[in-house]
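**Student:** have a look at this prediction, sequence included:
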Amino acid sequence: MIRISFFTLGCRLNQSETVLLEGVFRDNGFKVVSFSEPADVAVINSCTVTAAADSDARSAVNRAVRLNGQVRVAVIGCQAQVQKKKILVWPNVSWVVGTAQKMQLMTLIRQDLAGPKRARAYVAPIRRSSFVLPFSKSSAAADAARVRANIKIQDGCDNYCAYCEIPYARGRSRSRVFKDVLLQAGELAAEGYKEIVITGVNVGDFADDGKTLVDVIKGIEHLPGVERIRISSIEHTKLPLALIKLMRPPHKLCRFLHLPIQSGCDRILKRMGRDYTGAQMESLVRKLQENVPQIMIGTDIIVGFPGETEADFNETVDFLSRVPFHYFHVFSYSHRERARSRVFKGVVPDGVIAKRSKVLRELSRAKRAAFLSTLIGTTQNVLFEQKKDDHWIGHTDNYVTIKMKLQGELKNVMLPVLLSRVDAEAVIATPIEGFTHDGSGSKDQRSCRGA
């Protein structure tokens, strides 16, 4: 039996695709092993958002080779799509498979294993059409270490922001067939997953046969066994306001949104090619906070975009201090070969980027701590995931990390708990009297949102 291992870089979208691929290989007679074990074939699902992500893929290849000098490596996905020639000369690489053909990986590997050992590239143009994805009970069970499951509903991007090459790596925006989304969600719910995470490059673009993102959420929430639906990330310009209602009981959409803004300075936003102003973003964030109690809202920020002055950066700091975001993911600007910004003047020195990044990360920690403190004394539903030391770890629907001491098995159990105190970036909680480990009790669990 051929041993195959997988290593995933980047976003939840990549994670969801890797799980599907693991299921396909398992169903076709391969033995899926941990990436920390020697394998006959190692698959690297790559990311190319930053130069660091590119480097991480090469490091993963080296790790696989150290475990087995004869391993045959497949580098697939975004970096493979845009850096084919570079990757083909890496040690032990037998397959470079781009975005268009990555889900046919099992067929490509099986046919090539029977032939001479040489590096092959499968990097085709990416078609703009609706798509379906391979999934099975094996795929649904493949990510058994987790209690939430990612579902890809969309791929590609039409925005062509100045700093980004994702439209080249993943193609133009296109949507998964609506019925195919619900079929996979049903399989995952039947396997016991209580939380479904909707993923894509721009999930707000979803459109298939007259169905929108709102229809996807409504369709999934009616599936037996589904207790939560989470949107991984969404552009605020594509956010349907109808989602506000779906974040209120008895609906199941989590009170959590990650809305990438990239800068709080209008001048920099314009240079980036982002089609909004800080004022427009602020208006939406305040509307969400006013209409969805205890919603957690996060964002992405790029530091050091070419031409960013100290005054521009200070404008971003003021914006993030004022607007009710609760955390930020802070990224250093990274030069990308196909991005328009590669020729922009005003390169910001690495030392300045590091200093500015530190300021934003400290502000993010302070804002998260302030938000967590507002939840102390409230009752929240927690989906528990794992036991670490003597605490069970889980998350509320608004994605607050919870730590609680309790005997018994709580993995994949949803319980209402009382939030008692902040502990670093988590909250210590205590169980609610009268509820059993299966979550049964006298109170409707979905009503425990900040009670």
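**Tutor:** Yes, it's here. Quick caveat: nothing in here was measured; it's all calculated off a predicted structure. Numbering: from 1, shown residues only.
**Student:** ranges for the helices of the stretch 251-400 of the chain?
**Tutor:** Taking DSSP state H, counting those that start in this stretch as the criterion, the stretch 251-400 of the chain carries its helices at 266-272, 278-291, 310-322, 350-374.
**Student:** winner for burial among these?
**Tutor:** Of the helices of the stretch 251-400 of the chain, the one with the most neighbours on average (mean count of other Cβ atoms under 10 Å) is helix 266-272, at a mean of 19. For glycine as for every other residue, the C-beta is placed from the backbone atoms N, C-alpha and C.
**Student:** hmm, back to that, can I get the helices of the stretch 251-400 of the chain in a markdown table including mean pLDDT and distance to K179?
**Tutor:** Putting these into a markdown table (pLDDT from 0 to 100; distance: least, Cβ to Cβ, whole Å) gives the following:
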| stretch | mean pLDDT | distance to K179 |
| --- | --- | --- |
| helix 266-272 | 98 | 37 |
| helix 278-291 | 97 | 30 |
| helix 310-322 | 98 | 41 |
| helix 350-374 | 98 | 38 |
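**Student:** using JSON lines, lay out those together with distance to F178.
**Tutor:** Converted to JSON lines, the helices of the stretch 251-400 of the chain look like this (distance: least, Cβ to Cβ, whole Å):
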{"stretch": "helix 266-272", "distance to F178": "32"}
{"stretch": "helix 278-291", "distance to F178": "26"}
{"stretch": "helix 310-322", "distance to F178": "37"}
{"stretch": "helix 350-374", "distance to F178": "35"}
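**Student:** which one of these lies nearest to V19?
**Tutor:** Ranking the helices of the stretch 251-400 of the chain by proximity to V19 (Cβ to Cβ) places helix 350-374 first, at 28.8 Å.
**Student:** and the closest one, what does it pack onto?
**Tutor:** Applying 3 or more Cβ pairs under 8 Å, 6 or more residues apart in numbering; DSSP states H and E, we find helix 350-374 packed against strand 296-303, helix 310-322, strand 327-332, strand 414-423.
**Student:** which residues does the third one contact?
**Tutor:** Contacts to strand 327-332, defined as Cβ atoms under 8 Å, 6 or more residues apart in numbering, come from residues 50, 296, 298-304, 320, 350, 353-354, 357, 360-361, 363-364, 367-368.
**Student:** quick one: low-confidence residue ranges for the stretch 51-200 of the chain.
**Tutor:** Across the stretch 51-200 of the chain, the ranges flagged by pLDDT under 70 are 136-145.
**Student:** helix/strand/coil for the residue lying closest to V97 once chain neighbours are set aside?
**Tutor:** Of all residues not flanking V97 in the chain, I76 sits nearest, at 4.3 Å (Cβ to Cβ, 6 or more residues apart in numbering). Here I76 is recorded as strand under DSSP: H, G, I helix; E, B strand; the rest coil.
**Student:** okay, and the beta partners of I76?
**Tutor:** N45, V97 (DSSP bridges).
**Student:** contacts only, for it.
**Tutor:** Listed by Cβ under 8 Å, 6+ apart, the contact set of I76 reads V43, I44, N45, S46, W95, V96, V97, G98, K102, L105.
**Student:** so which of those residues is the closest to G278?
**Tutor:** Checking the contacts of I76 against G278 with Cβ to Cβ, the nearest one is S46 at 33.1 Å.
**Student:** can you pull the contacts of that closest one?
**Tutor:** The contact partners of S46, by Cβ under 8 Å, 6+ apart, come to L9, G10, A53, D54, A57, V75, I76, G77, C78, Q79, A80.
**Student:** quick one on the thing from earlier: could you dump the helices and strands packed on helix 350-374 into CSV and include distance to C265?
**Tutor:** Converted to CSV, those look like this (distance: least, Cβ to Cβ, whole Å):
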stretch, distance to C265
strand 296-303, 11
helix 310-322, 4
strand 327-332, 14
strand 414-423, 31
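**Student:** which stretch among the ones you listed comes nearest Q280?
**Tutor:** Closest among these, using Cβ to Cβ: helix 310-322, at 12.0 Å.
**Student:** show me what that closest one is packed up against.
**Tutor:** Packing partners of helix 310-322 (3+ Cβ pairs under 8 Å, 6+ apart): helix 266-272, helix 278-291, strand 296-303, helix 350-374.
**Student:** list the contacts of the first one.
**Tutor:** Surrounding helix 266-272, the residues in contact under the criterion Cβ under 8 Å, 6+ apart are 161-163, 261-263, 276-278, 302, 305-308, 312, 315-316, 341, 344.
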